[in-house]
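In: need a structure here:
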Amino acid sequence: MKKLFLILISFCLGSLSMAQETTVPYRSIFVELGGAGLPYSFNYDFRFDKTRMDSWGMRVGMGGYATSNDSFFSLPVMVNKLYGKGPHYFEIGLGATFFAYNEEYNSYCSDGFIDSNGNFICRSYEYDYNYILPVDGSPSLMGTMNFGYRKIPVDGGFTWRINLTPIFNNNGFWPLYAGVGFGYAF
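Out: Next up is the predicted model:
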């Protein structure tokens, strides 16, 4: 009876230790230069399945800048999938980046006339703003794709990525845009 009891306790303790969930660093925060945030962005990335890194996830970020003559704001949102085994992953993703910029310095009069007092009157303004591709004014939306490498330590910590990030909108497609990011996985 004692042997059976010891075997049963050993089996239960062994099952408990095997049933304990291993924690994976399914979340990360990072700064990215280029990439889906356009000039740069601060991002939060997470996996939908908290137990597996090689799964579907999502990233949300925010970026922008302001100078004395212009300003720019971006909000990238992307769904992505990781393939591979830790710490090396291949990443694919698809998303969109909402962005806005200061139109005041990026417009010009495309059609006008001089009135009877000698004043120039503008009939319509054209926006001459490009971010790799021409855009139709502010705010606007840019489609983004992602193909790249991501290194995430098995226990978390410093993480980095390098990606090819093709961008597109109703005015065209640019396949050679890229990004590099550095951050912390937890």
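
In: ranges for the strands of this structure?
Out: 27-34, 40-47, 56-66, 71-85, 88-101, 107-114, 120-127, 130-131, 133-134, 140-151, 157-164, 167-169, 172-174, 178-185 (DSSP state E).

In: Would you format those as a markdown table with mean neighbour count included?
Out: Using the backbone N, CA and C atoms, a C-beta is placed for each residue, glycine as well. Shown next, in a markdown table, are the strands of the chain (neighbours: other Cβ atoms under 10 Å):
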| stretch | mean neighbour count |
| --- | --- |
| strand 27-34 | 18 |
| strand 40-47 | 19 |
| strand 56-66 | 17 |
| strand 71-85 | 18 |
| strand 88-101 | 18 |
| strand 107-114 | 11 |
| strand 120-127 | 12 |
| strand 130-131 | 14 |
| strand 133-134 | 14 |
| strand 140-151 | 18 |
| strand 157-164 | 17 |
| strand 167-169 | 19 |
| strand 172-174 | 12 |
| strand 178-185 | 18 |
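
In: Make CSV from these and add mean pLDDT to it.
Out: Listed next are the strands of the chain as CSV, based on pLDDT from 0 to 100:
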stretch, mean pLDDT
strand 27-34, 97
strand 40-47, 97
strand 56-66, 95
strand 71-85, 96
strand 88-101, 96
strand 107-114, 65
strand 120-127, 64
strand 130-131, 76
strand 133-134, 90
strand 140-151, 96
strand 157-164, 97
strand 167-169, 96
strand 172-174, 95
strand 178-185, 98
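
In: does residue 131 really touch residue 97, like I thought?
Out: No. Here residue 131 does not reach residue 97: they are 9.6 Å apart, not a contact under Cβ atoms under 8 Å.

In: what sits in contact with each of those two?
Out: 38, 142 (Cβ atoms under 8 Å, 6 or more residues apart in numbering).

In: give me the beta-bridge partners of the residue nearest to residue 37 when sequence neighbours are not counted?
Out: Among residues not flanking residue 37 along the chain, residue 63 sits closest, at 4.0 Å (Cβ to Cβ, 6 or more residues apart in numbering). Here residue 63 sits in beta bridges with residue 74, going by DSSP bridges.

In: Residue 63 contacts residue 74, correct?
Out: Yes. Contact status for residue 63 versus residue 74: in contact at 4.5 Å, counting by Cβ under 8 Å.
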